[in-house]
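Undergrad: Take this sequence and fold it.
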Amino acid sequence: MTNKSVRDYIRTIVDFPHEGILFRDVTTLFADPRGFRIAIDQLLAPYAGQQFDKVAGLEARGFILGGAVAHQLSTGFVPIRKKGKLPGATISQSYKLEYGEAVVEVHDDAIQAGEKVLLVDDLLATGGTAEAGIRLIEQLGGQVVGCAFVVDLPDLGGRKRLEGLGMEVHALCAFEGL
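TA: Residues are numbered from 1 along each chain as shown. From the prediction side, this is the model:
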């Protein structure tokens with residue numbers, strides 16, 4: 001029996017998507033049944049005893065984690081997607097990228113006023129996408145009770161950004177550098 005941590009299941013790919021980047025690939029974590037189970041259990045642990053109405057996942061790996069977390073909490077799941085990917089009426093929020101801007105959307109009826117929401121994604125880097133997701137949830141009247149991630153890249157400042165918004169941030173592991 002091994003005592004592997006969540007971090008041990010994550011593969012690092014050098015120079016992806018471009019030179020100088022160390023890509024933290026969580027698909028190796030997802031592919032291992034024990035690793036995936038550990039990750040879901042640890043994402044939930046800080047919220048034991050709390051009630052949530054919805055789990056929101058950020059595209060795309062946040063859908064995998066968020067779906068599993070929502071199942072464990074017996075709540076609904078809300079996908080927050082890139083612009084143009086959701087059918088029907090949506091609301092949108094733009095956010096800045098390193099070079100340019102992007103937009104995420106959510107269905108305008110996905111969250112009811114007063115619902116408590118846990119935001120989930122695989123990786124916290126600059127926090128731009130997560131902040132946009134938080135703003136969408138808040139536009140619908142939802143209350144973000146926590147933000148849970150598998151990986152935190154502290155050098156990129158995402159945790160500080162979200163904590164600056166008053167968010168409680170939970171990450172299972174951290175990797176230094178880019």
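Undergrad: all contacts plus neighbour counts: C-alpha atoms, from now on.
TA: OK.
Undergrad: The residue nearest to the spatial centre of the chain in helix, strand or coil?
TA: For the chain, residue 121 is the residue whose C-alpha lies nearest the centre (C-alpha atoms, centre = their mean; 1.6 Å). Under DSSP: H, G, I helix; E, B strand; the rest coil, the three-state class of residue 121 is strand.
Undergrad: got it, and the one 10 residues further on?
TA: Following three-state DSSP, we place residue 131 in the helix state.
Undergrad: Quick check: closest non-adjacent residue to it.
TA: Spatial nearest neighbour of residue 131, excluding adjacent residues (C-alpha to C-alpha, 6 or more residues apart in numbering): residue 162 at 6.7 Å.
Undergrad: Give me the neighbour count for that neighbour.
TA: 20 (other C-alpha atoms under 10 Å).
Undergrad: ok, it to residue 64 distance?
TA: For residue 162, the distance to residue 64 equals 22 Å [C-alpha to C-alpha, to the nearest Å].
Undergrad: pLDDT score for residue 159?
TA: In the prediction, the pLDDT value recorded for residue 159 is 97.
Undergrad: Quick one: list the elements packing against the helix or strand it falls within.
TA: Here residue 159, judged by DSSP states H and E, is contained in helix 158-164. Secondary-structure packing of helix 158-164 (3 or more C-alpha pairs under 8 Å, 6 or more residues apart in numbering; DSSP states H and E): helix 128-139, strand 169-174.
Undergrad: chain center to it, what's the gap?
TA: On the basis of C-alpha atoms, centre = their mean, to the nearest Å, helix 158-164 sits 13 Å off its chain's mean C-alpha point.
Undergrad: Below-threshold pLDDT in the chain: ranges please.
TA: Applying pLDDT under 70 to the predicted model, the residue ranges of the chain that meet it are 1, 98, 178.
Undergrad: Got the phi and psi for residue 85?
TA: Residue 85 adopts backbone torsions of phi -100, psi -20, taken as degrees, to the nearest 10.
Undergrad: and the gap between it and residue 104?
TA: Here the distance between residue 85 and residue 104 works out to 9 Å (C-alpha to C-alpha).
Undergrad: Between the two, tell me which one has more neighbours.
TA: In this view residue 85 and residue 104 are compared by other C-alpha under 10 Å, and residue 104 has more residues nearby, 24 against 11.
Undergrad: Tell me which stretches of the protein form strands.
TA: Counting by DSSP state E, one finds strands in the chain at the ranges 11-14, 22-25, 54-58, 76-82, 90-97, 100-107, 116-124, 143-152, 169-174.
Undergrad: would a markdown table of those strands with distance to residue 45 be doable?
TA: Shown next, in a markdown table, are these (distance: least, C-alpha to C-alpha, whole Å):
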| stretch | distance to residue 45 |
| --- | --- |
| strand 11-14 | 24 |
| strand 22-25 | 23 |
| strand 54-58 | 15 |
| strand 76-82 | 18 |
| strand 90-97 | 30 |
| strand 100-107 | 27 |
| strand 116-124 | 13 |
| strand 143-152 | 10 |
| strand 169-174 | 10 |
